[in-house]
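Undergrad: sequence first, then the predicted structure:
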Amino acid sequence: MPDPPPNSPIDIRALALYDIDQWKTTEKSHKNYEQLCEVLGNEAISYEEYEKLFNKYLEESYNSTRDGSSRGLPIPDIRGCILSDVINGKPAEKSIDDLSDAYKYHKIDKEDHDYWFKRFDSGHLFNRITFSDLPEDVISEIVERCDIESYFNLRDVSHGLRTLAPPCTKIEVYSNRIYIYFVKTDSYQQMEGIENRMESLSLLLENAKLRLEYFKIYSGCLVQESNSTQTVISLLNLLDHKIHVKNCSISADEPKDLIDILRCLKPGTLEIIDIFENSLDSIDTEIVGMDQWKQAKNVTLHCSTNLYIHNFYHFSTFNVFFEHLSTKDLVLFCKNISKSSTFKSCIIETLESMNTEPNRIALNLAPSPDGYFIRNSNISVQFPEIHVLKRISLALEDIRGCILSNVHNGKSAEKSIDDLCDAFKDHKIDKEDHDYWYTRFTNGHLFNQVTFSDFPEDVIAEIVGKCDLRTHLELRDVSYRLRTIVEQKTPTCTDIYLDFRKDGIDILTQYKCSLQKLTLRELGFLLRNPKLRLRTFDIETDIPADRVQIQLGNETVSAPRRDKTRLLNLFNSLDHQIHVENCSIRAETEEELMGVLQCFKPGTLQKIAIREGLRGHNISGIAEMVQWKHAKHLRLVAFNLPSIEHFLHFTTIKVSYGEFSTEDLVQICDGMSKSINFESYTLGTIGRLDTEAIEEALNLQQTISPGIYSIPNSNLVVEFVIDAHVMKLSKYSV
């Protein structure tokens, strides 16, 4: 017996078993195999060799099914089968259904199937994209979603993953514990064990791509804790790069420790410095010469300092505790910050209480509702602790005339905004607004600003086309013009689900992957738009008894009944039929069901599902409707079998929980064997089918596949499944 060719991307066993299930002959299966080899550029084995393998797998299939050993057989590689389906033009849904039938003892993973189907359909072949083939920005996003344990595991996968940015934004280091905060959840994970803590912290800090929002290091007062802190400081000093961090908070025992820690942080990216008191008596003057200090924007000192106040001029905000501050120093400070373009506010405390009166006179302070302000300046001051802040005293003037003047005088846009910022330094000049008016004046237009209604209709239509369904419905109420444009666009809705609940009707619409809840009024706007294109319309008008009445205070009302009447009236008021591909209906009466069904456009309606709930279980009137006659697929739940002539035009039929006699099944088989469109018919019953009576009535003949029978003088096969509660009737290809 020959073996399959080695290193072939096609699993001949899988392909043969699939073709056997599809009732293909050896010749057709070999042609299918040759076609695959041609596409893949592989040499095909001869027909004689293939025939021997085909017969081997045919016998294997028969024996394993008979003795129940199918589940123990190796899982087939079905990629060749999927490629065959793509080449032969089979839809993805049909492909996975057929594969699931062929390999019923193996689970066909839908995501995996869809991946290969789309890949083959796009012209690609068997080489699957691996993790390392992904772009770096995609891998970075994946790493960002990892917890810290997953991140450390990924570091061992490859050198490339080791260099990606760690997924944390905050690190807090205490003497006896370390906290690491993750990017997405802002939750923390405490690192257990001192050795593990230091190793993990080292791996994070050694990565030059680490980007921290917050870094805190707190030294305890005990000798043992101080020794632990020294270990962390030594680790920082060993780094060959500076840590990228925006906000640092430091508590150190010695000035040297504070300097060593700050030196490891990257100047420019470090914006906020908090220094806490521990056993540190005062801030060392060495700190003011560091770039980290000079380029920071905010500083808070929770301990006393002997630094001079001019060392704080460059900060936007600061909180500081001086041992002493003279009136002369305070006056000089206020004079300098009034000229600063970055200063916002500060709080100054002193060890010695300050006399307010000399400061008030020296600064020429005038009273204000919130303290004092310095005359002829933009600075306000509050006591008893000195709170100094820059005021925005006046609203920004209308500077459009200034911009027009600059345009008229030939001043460039860059020079214009620079001069305006200098002139109105206490105000923010919006660059986009400035550029808009500068460009408008340059083009000869004047002060009338363009509004939404001034846009050309095609521009408005394009904007409306990018809106979701909720925005569509809201835009209708803006103006008559917008309502006209909105109603000319195809609504961004693909599915509608209607259900009655105790508090009324539940209306959900689907746009892309999101569900949006609508009111009945909004549903009316949607359904009255003739450009609406739906995949699914699912409606339940059958109201269970517990939903009929609800209690509101002392009054019992029938809200669902009222809403149901309004809904049915809405359907009856439509002047066009709804374009929908699949409908699923559960109604109380046949008249009610027909009233809903007649609202759907015949021809576009491909699939009809009628679920339990219909009183009398009678659908003979529905079978005369044009929507029924033009549909291709039917699903009935909890219905008895209507006359067979009503079914002959359907391609697929599924009837669940019905009651069928043997005579009914004989009529079905006779009718379906003559149908041109028929592909499959599935009948499910509450009770077990009398398989022996059916076999005798239909003269069923066992095929080579156990459990599958052929009907003599027809192209139909019968299969009993789910312990003979379901009978499948289908055509087979000759």
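TA: Arrived safely, thanks for sending. This one's a predicted model, so the numbers in the text were calculated from it and none came from an experiment.
Undergrad: from here on, contacts and neighbour counts on C-alpha atoms
TA: Will do.
Undergrad: show me the shaky parts of the stretch 251-400 of the chain.
TA: Low-confidence segments of the stretch 251-400 of the chain, defined by pLDDT under 70: 277-284, 368-370, 375-377, 391-397.
Undergrad: and with 90 instead?
TA: Where the stretch 251-400 of the chain drops to pLDDT under 90, the residues are 251-261, 275-289, 300-314, 316-400.
Undergrad: show me the helices in it, by range?
TA: In the stretch 251-400 of the chain, the helices defined using DSSP state H, counting those that start in this stretch lie at 255-263, 291-295, 327-337, 356-362, 400-408.
Undergrad: show me what the fourth one is in contact with.
TA: Applying C-alpha atoms under 8 Å, 6 or more residues apart in numbering, the external contacts of helix 356-362 come out as 327, 330-331, 383-384.
Undergrad: turn the residues you listed into TSV, columns for distance to residue 122 and neighbour count.
TA: Shown next, in TSV, are those (distance: C-alpha to C-alpha, whole Å; neighbours: other C-alpha atoms under 10 Å):
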residue	distance to residue 122	neighbour count
327	79	18
330	74	17
331	75	15
383	74	15
384	75	12
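Undergrad: of all the residues you listed, which two lie farthest apart?
TA: Distances among the contacts of helix 356-362 were taken as C-alpha to C-alpha; the most separated pair is 331 and 384, at 16.2 Å.
Undergrad: Throw the helices of the stretch 251-400 of the chain into CSV and include distance to residue 651, thanks.
TA: Output for the helices of the stretch 251-400 of the chain, formatted as CSV (distance: least, C-alpha to C-alpha, whole Å):
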stretch, distance to residue 651
helix 255-263, 76
helix 291-295, 75
helix 327-337, 83
helix 356-362, 94
helix 400-408, 70
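Undergrad: right, so of these, which gets closest to residue 285?
TA: Judging these by C-alpha to C-alpha, what sits closest to residue 285 is helix 255-263, at 9.5 Å.
Undergrad: buried set for that closest one?
TA: By 16 or more other C-alpha atoms under 10 Å, the buried positions in helix 255-263 come out as 255, 257-259, 261-263.
Undergrad: for residue 671, give me its contacts.
TA: With contact taken as C-alpha under 8 Å, 6+ apart, residue 671 is in contact with 644-645, 648.
Undergrad: return the closest of the residues you listed with respect to residue 534.
TA: Of the contacts of residue 671, the one sitting nearest to residue 534 (C-alpha to C-alpha) turns out to be residue 648, at 26.5 Å.
Undergrad: so who does residue 431 touch?
TA: Here residue 431 is in contact with residue 417 (criterion: C-alpha under 8 Å, 6+ apart).
Undergrad: same thing with residue 57?
TA: 13, 16-17.
Undergrad: out of those residues, which is most surrounded?
TA: Neighbour counts for the contacts of residue 57 (other C-alpha atoms under 10 Å) peak at residue 16, which has 27 neighbours.
Undergrad: mind checking the SS state of that residue?
TA: Secondary structure, DSSP: H, G, I helix; E, B strand; the rest coil: residue 16 is helix.
Undergrad: ok, for it, nearest residue in space, not its chain neighbours?
TA: residue 54 (5.9 Å; C-alpha to C-alpha, 6 or more residues apart in numbering).
Undergrad: now do the buried residues in the helix or strand encompassing that neighbour.
TA: Element membership for residue 54 (DSSP states H and E) is helix 47-67. Neighbour counts over helix 47-67 (16+ other C-alpha under 10 Å) mark 47, 50-51, 53-54, 57-58, 60-63, 65 as buried.
Undergrad: kindly export whichever strand or helix holds residue 563 (C-alpha atoms) in PDB.
TA: Assigned by DSSP H and E, residue 563 belongs to helix 559-573. As requested, the backbone C-alpha atoms of helix 559-573 are provided in PDB (Å, rounded to 0.1, in the frame of the first residue of the first chain):
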ATOM      1  CA  ALA A 559     -48.200  48.800  28.000                       C
ATOM      2  CA  PRO A 560     -47.000  46.000  25.800                       C
ATOM      3  CA  ARG A 561     -50.500  45.500  24.200                       C
ATOM      4  CA  ARG A 562     -50.600  49.200  23.500                       C
ATOM      5  CA  ASP A 563     -47.100  49.300  22.000                       C
ATOM      6  CA  LYS A 564     -47.900  46.200  19.900                       C
ATOM      7  CA  THR A 565     -50.900  47.900  18.400                       C
ATOM      8  CA  ARG A 566     -48.800  51.000  17.600                       C
ATOM      9  CA  LEU A 567     -46.100  48.700  16.100                       C
ATOM     10  CA  LEU A 568     -48.600  46.900  13.800                       C
ATOM     11  CA  ASN A 569     -50.200  50.200  12.800                       C
ATOM     12  CA  LEU A 570     -46.700  51.400  11.800                       C
ATOM     13  CA  PHE A 571     -46.200  48.300   9.600                       C
ATOM     14  CA  ASN A 572     -49.500  48.900   7.900                       C
ATOM     15  CA  SER A 573     -48.700  52.600   7.300                       C
END
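Undergrad: these two touch, right, the residue nearest to residue 16 and residue 26?
TA: Yes - in this structure residue 54 lies within contact range of residue 26 using C-alpha atoms under 8 Å: 6.9 Å.
Undergrad: picking that back up, which of the contacts of residue 671 has the most neighbours?
TA: With neighbours taken as other C-alpha under 10 Å, the top of the contacts of residue 671 is residue 648, carrying 20 neighbours.
Undergrad: tell me who's in contact with it.
TA: Residue 648 makes contact with 671-672, 675, 677-678, according to C-alpha under 8 Å, 6+ apart.
Undergrad: those in helices, which ones?
TA: 671-672 (DSSP state H).
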